[in-house]
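*Asks:* coords please:
(2 chains)
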Amino acid sequence: MDELHKHSVAELAALLKSKKVSAVEVATRFLARLGGNPHNAFLDINSEVTLAQARESDAKLAAGTAGPLEGVPIAHKDVFVTKDLATTAGSRMLSGYRSPFDATVVARLRQAGMVTLGKLNCDEFAMGSANENSAYGAVSNPWNTAHVPGGSSGGSAAAVAARLTPAATGTDTGGSIRQPAAFCGITGIKPTYGRASRYGMVAYASSLDQAGPMARSAEDCALLLSAMCGPDLDRDSTSLDVVAEDFSRDLLRPLARAGKDGGALKIGVPRGWLSELRDDVSAQFSDQLQSVSPLADMRIMSGVQELMRQGAKLIEIDLPNTALAIPVYYIVACAEASSNLSRFDGVKFGHRAADFADLTDMYKKSRAEGFGQEVKRRIMTGAYVLSHGYYDAYYLQAQKIRRMIADDFQSAFAQCDVIAGPVAPTTAWKLGDKADDPVASYLADIFTLPASLAGLPCMSLPVGLGEGGMPVGLQLIGNYLQEAKLLNVAHQYQLATAHHQQQPGAAA
Amino acid sequence: MALTPQDIARIANLARLELQPEEGERMLGQINAFFDIVTQISQVNTDGVLPMAHPLDAMPTMPPIHLRLRPDVASEPNDRQANQRSAPAVERGLFLVPKVIE
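*Replies:* Okay, the predicted model is just below:
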């Protein structure tokens, strides 16, 4: 029983199905690991709720009505609303908030049989890249507790890496699944925009927000993604009207036959993203396309070489507007955030100031007290770029460049099947290092933002340790609806390598 | 073109945020640092490029998006108590706000 936490989602599902272990035993084992809230990863834990779900799962397993992941534990990023657990989105604004309903993603995973272990810490309203913007304290990286876990799904990544849960949900607006997955040495995937319902996901930037799973392997992510996705047409106006898929179906396809028309997989590596493909073209790019730190760069290139060893072909591609993704993303996301977060007015839910002169004063004081610095900054930035006289120069121009970035990807995918590159320019930095310099933190999002703006599926998988002995992630980007292809490539990599099985000392 | 303290005050009012003086000052510096990296977008030639509001708008295989409407029937149960559970001030099923009209 003591070793239960070391099993993957797939292994736990099999153990539960064959009745070698009960859902209550599994839940009890994981709950025991949450004592003292290691890494400050969790924001709400309720063992009664968890054990009640586990008992339900045991009954279904006994009755033969079990779902595909019956009894396997999962924890949810705190931006997914939950009926039976508090939902704060990492904000003081929603301290103690209880939703009247479950998010669609939460409900679907429960329907597939998963047992909720609790809610996971994150940057306030998912705004951040280090999880230091949580009103409930930073999360530490299990590989080295002096370092950040990445963000905004930092609690999710830390909890999976520390084996506090076999799986977690995350959300990715500009990299919030991929970057913390990379920083904590786990696997995470953001599906095509519209694959997973946004119903019950606390909104940050609605044209970018997308849910996805975070776990220890591509195999586990495929199982989780299959349970999470599918049309939710009456509840999410941007939910894709595309039938639910079994994302595990192509996992075993060899890369030599994983390309279009059954040929070798073609991997596009954008010129300028890695040092080997940098020299001749670096002049084309602004200095904002910062180079990847040497050891991380080497690990990522080795990852690509392993895929080539398995029969994939490397092709150099161009994503010429990469550096523009930073200003474009932060204009679009802040504009949408300023609009979305206007709902927090202290009337129907959320924080209300104790003293105020009139209604306007109540709004201003409640919002001033409820929101943290980064959230206020993004609301202000968004309100500015949308304000009279600036809309065309900033917001509209950003939307036009957004289309150019999306078009660049379509040109690239005419030549290749998947794109590979870095997730982040460095490994996880030290807690506090970028806390006072928001722009430095924005610049580090360079490699995750382009795919987010285009709405493409993309993932991160561990490819070894880089600077400071901290994990490095390889990013894979696919064309629209090509999640199964990404997971195929990642699984083939993980069948031949052991980087995804490396775990921090804290997880033993 | 840098923002001024007056811009910060104007936007804070539009965004209904009460900023303390030192908070506004720090934000001015940080937002201006952000706009330093934004200026490059004005150099980009976007003549004839359609603004992209949404990823579905860029998916070649998707039909063009239109507003999807659901049938105009009640789909949610009336669950006033649960819906008001997290309200700051409620009386007899009504949300309370300060007096708006004298």
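*Asks:* list the buried ones in stretch A:337-353?
*Replies:* Neighbour counts over stretch A:337-353 (16 or more other C-beta atoms under 10 Å in any protein chain shown) mark A:337-341, A:344-347, A:349-353 as buried. The C-beta positions use only the backbone N, C-alpha and C, and glycine is treated the same way.
*Asks:* Show me the beta-bridge partners of the closest residue to residue B:84 other than its chain neighbours.
*Replies:* With C-beta to C-beta, 6 or more residues apart in numbering or on different chains as the criterion, residue B:84 has its nearest non-adjacent residue at 4.9 Å, and that residue is residue B:90. Assessed by DSSP bridges, residue B:90 has beta-bridge partners residue B:95.
*Asks:* low pLDDT regions in the chain?
*Replies:* All of this is about chain A. A:1, A:277-290, A:506-508 (pLDDT under 70).
*Asks:* Please refer instead to chain B.
*Replies:* Scanning chain B for pLDDT under 70 picks out B:1, B:61-67.
*Asks:* residue of it with the smallest distance to chain A?
*Replies:* residue B:55 (2.3 Å; C-beta to the nearest C-beta).
*Asks:* does that residue really touch residue A:481, like I thought?
*Replies:* No: in this structure, residue B:55 is not within contact of residue A:481 by C-beta atoms under 8 Å, at 11.6 Å.
*Asks:* Now for these two: what residues contact both?
*Replies:* Common neighbours of residue B:55 and residue A:481 are listed as residue A:192 (criterion: C-beta atoms under 8 Å, 6 or more residues apart in numbering or on different chains).
*Asks:* before we move on, the earlier item: output the buried residues of stretch A:337-353 in CSV; the columns should cover distance to residue A:201 and secondary structure.
*Replies:* Shown next, in CSV, are the buried residues of stretch A:337-353 (distance: C-beta to C-beta, whole Å; DSSP: H, G, I helix; E, B strand; the rest coil):
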residue, distance to residue A:201, secondary structure
A:337, 14, helix
A:338, 18, helix
A:339, 16, helix
A:340, 11, helix
A:341, 14, helix
A:344, 16, coil
A:345, 20, coil
A:346, 22, coil
A:347, 22, coil
A:349, 16, coil
A:350, 16, coil
A:351, 20, coil
A:352, 24, coil
A:353, 27, coil
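*Asks:* Farthest pair within these?
*Replies:* Across the buried residues of stretch A:337-353, the longest distance by C-beta to C-beta is 22.2 Å; it joins A:339 and A:353.
*Asks:* and the residue of chain A nearest chain B?
*Replies:* As assessed by C-beta to the nearest C-beta, chain B sits closest to residue A:455 within chain A, at 2.3 Å.
*Asks:* Surely that residue touches residue A:191?
*Replies:* No: look at residue A:455 against residue A:191 with C-beta under 8 Å: they stay out of range, at 9.9 Å.
*Asks:* Tell me which residue lies farthest from the centre of chain A.
*Replies:* residue A:357 (41.5 Å; C-alpha atoms, centre = their mean).
*Asks:* Oh, that last question was meant for chain B, not what I typed.
*Replies:* Max distance from the centre of chain B (C-alpha atoms, centre = their mean): residue B:92, 31.2 Å.
*Asks:* what touches both of residue A:455 and residue A:191?
*Replies:* residue A:210.
*Asks:* Break chain A into its domains for me.
*Replies:* A:4-228, A:255-326+A:394-507 (automatic domain parsing).
*Asks:* what about the residue nearest to residue B:84, neighbour count?
*Replies:* Residue B:90 sits with 16 neighbouring residues when counted by other C-beta atoms under 10 Å in any protein chain shown.
*Asks:* and if you look at the one 3 residues further on?
*Replies:* By other C-beta under 10 Å, the residues close to residue B:93 number 9.
*Asks:* Also the one 3 residues further on?
*Replies:* Close neighbours of residue B:96, defined as other C-beta under 10 Å, add up to 12.
*Asks:* close enough to count as contact, it and residue B:84?
*Replies:* No: Residue B:96 is not in contact with residue B:84 according to C-beta under 8 Å; the separation is 10.7 Å.
*Asks:* most centrally placed residue in chain A?
*Replies:* residue A:177 (1.5 Å).
*Asks:* That one is in contact with residue A:171, isn't it?
*Replies:* Yes: between residue A:177 and residue A:171 there is a contact under C-beta under 8 Å: 6.9 Å.
*Asks:* joint contacts of those two?
*Replies:* A:153, A:212.
*Asks:* Quick one: residues contacting the residue nearest to residue A:22 when sequence neighbours are not counted.
*Replies:* Leaving aside its sequence neighbours, residue A:22 sits nearest to residue A:58 (C-beta to C-beta, 6+ apart; 5.2 Å). Residues counted as contacts of residue A:58 (C-beta under 8 Å, 6+ apart) are A:22-24, A:71.
*Asks:* Need these in TSV (columns: neighbour count and secondary structure).
*Replies:* Formatted as TSV, the contacts of residue A:58 follow (neighbours: other C-beta atoms under 10 Å in any protein chain shown; DSSP: H, G, I helix; E, B strand; the rest coil):
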residue	neighbour count	secondary structure
A:22	18	coil
A:23	28	helix
A:24	18	helix
A:71	28	coil
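*Asks:* farthest pair in these?
*Replies:* Of all pairs in the contacts of residue A:58, the most separated under C-beta to C-beta is A:24 and A:71 at 8.5 Å.
*Asks:* Common neighbours of these two, please.
*Replies:* A:54, A:58.
*Asks:* if we can go back for a sec, what's the helix or strand for the residue farthest from the centre of chain A?
*Replies:* Remark: residue A:357 resides in no helix or strand, with elements defined by DSSP states H and E.
*Asks:* Next: the one 3 residues further on.
*Replies:* The secondary structure element spanning residue A:360 is helix A:359-370 (assigned by DSSP H and E).
*Asks:* Could you confirm whether that helix reaches chain B?
*Replies:* Yes: counting by C-beta under 8 Å from any C-beta of the partner chain, chain B is contacted by helix A:359-370 at A:359-365, A:367-368.
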